[in-house]
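Trainee: Pasting the sequence and the predicted model now:
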Amino acid sequence: MNARQKRLFEEARKRNPDLKIPSDTQTATEWTEADLALIKQGVGDKSSRAQTSGDSADSSSGEAPAGEQSGSVVTYFEAKGFGFLRPDDGGRDIFFHVSRLAEGLATDLRPGTRVLYELGMDRTGKMAAASIRIAPPPA
């Protein structure tokens, strides 16, 4: 615990004298099926995830490089700098932030715009687009 956390804890303890300091030694001895399902989805500890630097372990790559998926912009809130993508292969919409736009302009992010993206996590550990490129127009 850092000094700020200790101070906040002491303030909380004044209001509730029965409050105990959280233990840092809480480790999971066994993974539950729910934990494993979350890990398979890509949710959880980022350090254990394999990097997509060219390995072909990702079976969902179509014409895009390994790890990269295609989809289209569903909504984009320009004033707030975020929106949602709909994957071409179906499934849940994916959150994205304009700061993850690697190629293209933010003004191009209109509903229906085709994009290529890689899956990653946002700062809260939820699934989000990690690298977004505006897809080239079909030939």
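Mentor: Nice, I can see it. Numbers count the residues shown, from 1 in each chain.
Trainee: which residues of this structure fall in strands?
Mentor: Residue ranges of the strands in the chain, as given by DSSP state E, are 68-77, 82-87, 94-97, 101-103, 114-121, 127-134.
Trainee: Name all residues that make contact with the residue nearest to G81 when sequence neighbours are not counted.
Mentor: Setting aside the residues directly before and after it, G81 is nearest to V98 in space (C-beta to C-beta, 6 or more residues apart in numbering), at 4.3 Å. C-betas here are computed from N, CA, C, even on glycine. When the contact criterion is C-beta atoms under 8 Å, 6 or more residues apart in numbering, the partners of V98 are G81, F82, A106, L109.
Trainee: Roughly how far does V98 sit from Y76?
Mentor: V98 is 8 Å from Y76, where distance means C-beta to C-beta, to the nearest Å.
Trainee: Give the residues shared as contacts by these two.
Mentor: In contact with both V98 and Y76: F82, L109, using C-beta under 8 Å, 6+ apart.
Trainee: Of the contacts of V98, keep whichever come out buried.
Mentor: When neighbours are counted using 16 or more other C-beta atoms under 10 Å, these contain these buried positions: F82, L109.
Trainee: Out of the contacts of V98, which one has the weakest pLDDT?
Mentor: In terms of pLDDT, the least confident member of these is A106, at 79.
Trainee: tally of neighbours for the nearest residue to D108 once chain neighbours are set aside?
Mentor: Distances taken as C-beta to C-beta, 6+ apart put I134 closest to D108, at 5.1 Å, once the chain neighbours are dropped. If you count neighbours by other C-beta atoms under 10 Å, I134 ends up with 17.
Trainee: Repeat that for Y76.
Mentor: Around Y76 sit 20 other residues, with neighbours defined as other C-beta under 10 Å.
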